[in-house]
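A.B. asks: Give me coordinates for this.
(2 chains)
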Amino acid sequence: DTTVKQNPRYKLARVGKPVNLICSQTMNHDTMYWYQKKPNQAPKLLLFYYDKILNREADTFEKFQSSRPNNSFCSLYIGSAGLEYSAMYLCASSRGGLNQDTQYFGPGTRLLVL
Amino acid sequence: GDSVTQKQGQVTLSEDDFLFINCTYSTTTYPTLLWYVQYLGQGPQLLLKVTTANNKGISRGFEATYDKGTTSFHLQKASVQESDSAVYFCALVERGGRALIFGTGTTVSVSP
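C.D. replies: Below you'll find the model as predicted:
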């Protein structure tokens, strides 16, 4: 099973409220990623976990948090949503190491902040 | 830093037409260049990979090649079908192999 699952598929949030998105995979992949995708823009890497080590991109460091309680699950947390957070959030996983070309993506969570 | 540019936002074709999508890249290392495809309601999935070692990748009727001289890479298919309608992303494995850098995607619409 090469499926990456994401919940929820759609999320409506109010400005200033927290948002928590969930991702899971059963492939025993050691690396899990979160990307943000806005219309007409490339998927943008927000952060990734390699095993238990979290790596966050410098320009989104303070905007997103994440946790990985076990190998299969990874969350993306927004403490206080703003309108600019409206986007598709894609989770992916891979076997890790230096050869990161094959990432398995979930279907995404579409977040709308009002 | 490493970057990828994908200028074709939308391509509209009829079945049996020829598909050609082009991306340009910038990197200081030997690149691994990728094509991902995203069908409606699904996440992106790896379609093809091209490296400086193999120069070409072929899968499901698609062919990917790259041109080191012009730092560009291409995806083509001789005869598209309606089922090829999807968004196609080019991507580059970031220097150090840590993550992927994506292009903005090309929406390919194929009418029967």
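A.B. asks: Is residue B:111 bridged to anything, and to what?
C.D. replies: residue B:14 (DSSP bridges).
A.B. asks: List the buried residues for the lowest-mean-pLDDT helix or strand in chain B?
C.D. replies: Of all the helices and strands that make up chain B, strand B:56-59 has the lowest average by mean pLDDT, DSSP states H and E, namely a mean of 87. Residues of strand B:56-59 classed as buried by neighbour count (16 or more other CB atoms under 10 Å in any protein chain shown): residue B:57. All C-beta spots, glycine's among them, are computed from the backbone N, C-alpha and C.
A.B. asks: export it as PDB, just CAs?
C.D. replies: The C-alpha atoms that make up strand B:56-59 are tabulated as PDB, following Å, rounded to 0.1, in the frame of the first residue of the first chain:
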ATOM      1  CA  LYS B  56      16.400  10.100 -20.800                       C
ATOM      2  CA  GLY B  57      13.400   8.500 -19.000                       C
ATOM      3  CA  ILE B  58      10.500   6.600 -20.500                       C
ATOM      4  CA  SER B  59       7.300   5.600 -18.700                       C
END
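A.B. asks: need the contact list for the residue nearest to residue B:13 when sequence neighbours are not counted.
C.D. replies: Closest residue in space to residue B:13, ignoring its immediate chain neighbours: residue B:110 at 5.0 Å, by CB to CB, 6 or more residues apart in numbering or on different chains. Under the criterion of CB atoms under 8 Å, 6 or more residues apart in numbering or on different chains, the contact partners of residue B:110 comprise B:13, B:14, B:15, B:17, B:80, B:81, B:82, B:83, B:84, B:85.
A.B. asks: before we move on, what about residue B:112?
C.D. replies: Contacts for residue B:112 (CB under 8 Å, 6+ apart) come out as B:14, B:15, B:82.
A.B. asks: That one and chain A, how far apart?
C.D. replies: Distance of residue B:112 to chain A, computed by CB to the nearest CB, to the nearest Å: 26 Å.
A.B. asks: List the residue ranges of chain A that fall below the pLDDT cut-off.
C.D. replies: Confidence mapping of chain A against pLDDT under 70 gives the ranges A:1-2, A:96-101.
A.B. asks: Any idea which residue of it lies closest to chain B?
C.D. replies: Shortest chain A-to-chain B distance, computed as CB to the nearest CB: residue-wise this is residue A:105, at 2.9 Å.
A.B. asks: in what helix or strand does the residue nearest the centre of chain A lie?
C.D. replies: The residue lying closest to the centre of chain A (CA atoms, centre = their mean) is residue A:34, at 2.7 Å. Element membership of residue A:34, judged by DSSP states H and E, is strand A:31-37.
A.B. asks: what do you get for residue A:81?
C.D. replies: With DSSP H and E as criterion, residue A:81 is part of no helix or strand.
A.B. asks: quick one, what contacts it?
C.D. replies: Residue A:81 makes contact with A:13, A:14, A:15, A:16, A:17, A:18, A:19, A:111, A:113 under the criterion CB under 8 Å, 6+ apart.
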